[in-house]
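Undergrad: Give me coordinates for this.
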Amino acid sequence: MKQGRRFLLLALAVAGISLISLCLGKYNLGLGETVSFLLRTCLGLTSPDLIRRELLDNILLQIRLPRVLAALLIGGALSTVGAALQAVFTNPLASPKTTGMLAGASFGTVLGVLLSNQWIVSQALALVFGFCAVGLAVLIARMARSESILMLVLGGIASDALFMALSMTGQYLADPYTKLPAIVHWLMGNLAMVQRSTVLFAAIPMVIGTGLLCLLGRQLNALSMGEDEARALGVPVRLVRLSVLFISTLLTSLTVLLGGGSMAGWVGLIVPHVARLLIGPNNVTLLPASALLGAGYMVVMDDISRLTFSFELPIGIITSLVGIPFFICVLKDARKGWA
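TA: Down below sits the predicted model:
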């Protein structure tokens, strides 16, 4: 019952943060007017003031709503991925960087910018190379003739280093006047250019993938006790592990596709620890709590990035600047959360 109240409060907080975020910007809107317009739009009703309606349609539906939805999807997905990977690897430092998936997706984006002016090419290559990076990590572990978690982590470190090197090579070779600024700006994290079509494309697989990870909570609880114990309980260890890696890679690649590459590591690392302290280590409740907490956290970070200064800071910078001291504060209680 106590956890149920916490979930309800988290959900209400995320909804409230999202609604307030829609009101904030260089052109501030009233909360009542924003809610009224959204309700009228959902119900198919029109406002008698045509000019005002067109203004609100442009500000809310074309600019702010896609951005808020992208932040919710990115934060929820990355936090759930981080919590799931920490359970699979039984390692509190596991994150989307652990298996190289983030570096692979980032390299795909860099390669796409170098090869084409069509953004869809970068989006497709982000997905492809995200899976390539994880596949390489698994292959390295297999080459060592071991399926242990340690070898998978070591393979992930090697894969991450390789694709980071490839990304830096791509930046070095990029045209400094046309291609390089776009690459650097995107890799820093950026929601300013997100479009409704991209959000709609990514939303369905991201929501489904996040939900599937949440449904694996009981199996992840068994894995956290050790592989032998999980097998004794009837858990298909290899299938669960590969499923988590596949879904996590898909979600991480989609977040890079939506908002760039540098925010994933910190969000996927920090938010699950906070959720663990609030909800406890039970993955059945931890994963959905991480999704809610991460969604609200990313919306707040995006608000800070676009409202703090007269210019917009890349959101990846904000997540790092806020995340580092926050992580240090959480460290003293992190051991308790893993007890």
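Undergrad: pretty sure residue 75 contacts residue 299?
TA: Yes. With contact defined as Cβ atoms under 8 Å, residue 75 counts as touching residue 299 (6.9 Å). Where you see a C-beta, it was placed from the backbone N, CA and C, and this is true even at glycine.
Undergrad: So for these two, which sits in the more crowded spot?
TA: Neighbours were counted for residue 75 and for residue 299 using other Cβ atoms under 10 Å; residue 75 has more, 31 against 24.
Undergrad: Spatially nearest residue to the more buried one, not counting backbone neighbours?
TA: residue 298 (2.7 Å; Cβ to Cβ, 6 or more residues apart in numbering).
Undergrad: which SS class is that neighbour?
TA: helix (DSSP: H, G, I helix; E, B strand; the rest coil).
Undergrad: burial measure for it, as a count.
TA: Using other Cβ under 10 Å, the number of residues around residue 298 comes to 30.
Undergrad: Check the one 3 residues further on too.
TA: Burial of residue 301, expressed as a neighbour count using other Cβ under 10 Å, amounts to 26.
Undergrad: now do residue 164
TA: 18.
Undergrad: Pull out the buried positions in the helix or strand encompassing it.
TA: In this structure, residue 164 sits in helix 149-173 according to DSSP states H and E. For helix 149-173, the neighbour count (16 or more other Cβ atoms under 10 Å) marks 149, 151-157, 159-160, 162-164, 166-167, 170-171 as buried.
Undergrad: Am I right that residue 275 is in contact with residue 80?
TA: No. At 9.6 Å, residue 275 does not count as touching residue 80 under the criterion of Cβ under 8 Å.
Undergrad: contacting residues for the spatially most central residue of the chain?
TA: Closest residue to the average C-alpha location of the chain: residue 78 at 2.9 Å, with Cα atoms, centre = their mean. The neighbours of residue 78, taking Cβ atoms under 8 Å, 6 or more residues apart in numbering as the test, are 96, 251-252, 255, 263-264, 267-268, 271, 294, 298.
Undergrad: and which of these is nearest to residue 12?
TA: residue 294 (16.1 Å; Cβ to Cβ).
Undergrad: Point me to the helix or strand that includes the closest one.
TA: Residue 294 belongs to helix 283-307, assigned by DSSP H and E.
Undergrad: Return the list of helices and strands in contact with that helix.
TA: Packed against helix 283-307, as judged by 3 or more Cβ pairs under 8 Å, 6 or more residues apart in numbering; DSSP states H and E, are the following elements: helix 2-23, helix 65-89, helix 196-215, helix 217-224, helix 264-279, helix 315-337.
Undergrad: Find the residue ranges of the stretch 101-250 of the chain scoring beneath the pLDDT cut-off.
TA: 145-148 (pLDDT under 70).
Undergrad: What pLDDT does the model give the closest residue to residue 13 other than its chain neighbours?
TA: Leaving aside its chain neighbours, residue 13 sits nearest to residue 296 (5.9 Å; criterion: Cβ to Cβ, 6+ apart). Note on residue 296: pLDDT of 94.
Undergrad: Can you report how many residues neighbour residue 296?
TA: By other Cβ under 10 Å, neighbour count at residue 296 equals 25.
Undergrad: now swap in residue 226 and tell me
TA: 12.
Undergrad: coming back round to it: so which of residue 275 and residue 80 has more stuff around it?
TA: residue 80 (34 against 27).
Undergrad: hmm, back to that, shared neighbours of residue 275 and residue 80, which are they?
TA: In contact with both residue 275 and residue 80: residue 290, using Cβ under 8 Å, 6+ apart.
Undergrad: quick one: contacts for residue 164?
TA: 103, 106-107.
Undergrad: er, residue 271 I mean
TA: 75, 78-79, 82-83, 290, 293-294, 297.
Undergrad: Pull out the buried members of those residues.
TA: 75, 78-79, 82-83, 290, 293-294, 297.
Undergrad: Using CSV, lay out the residues you listed together with distance to residue 135.
TA: Shown next, in CSV, are the buried ones among the contacts of residue 271 (distance: Cβ to Cβ, whole Å):
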residue, distance to residue 135
75, 27
78, 21
79, 24
82, 21
83, 23
290, 26
293, 30
294, 26
297, 30
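Undergrad: List just the nearest of these to residue 117.
TA: Looking across these and measuring by Cβ to Cβ, the closest to residue 117 is residue 78, at 28.3 Å.
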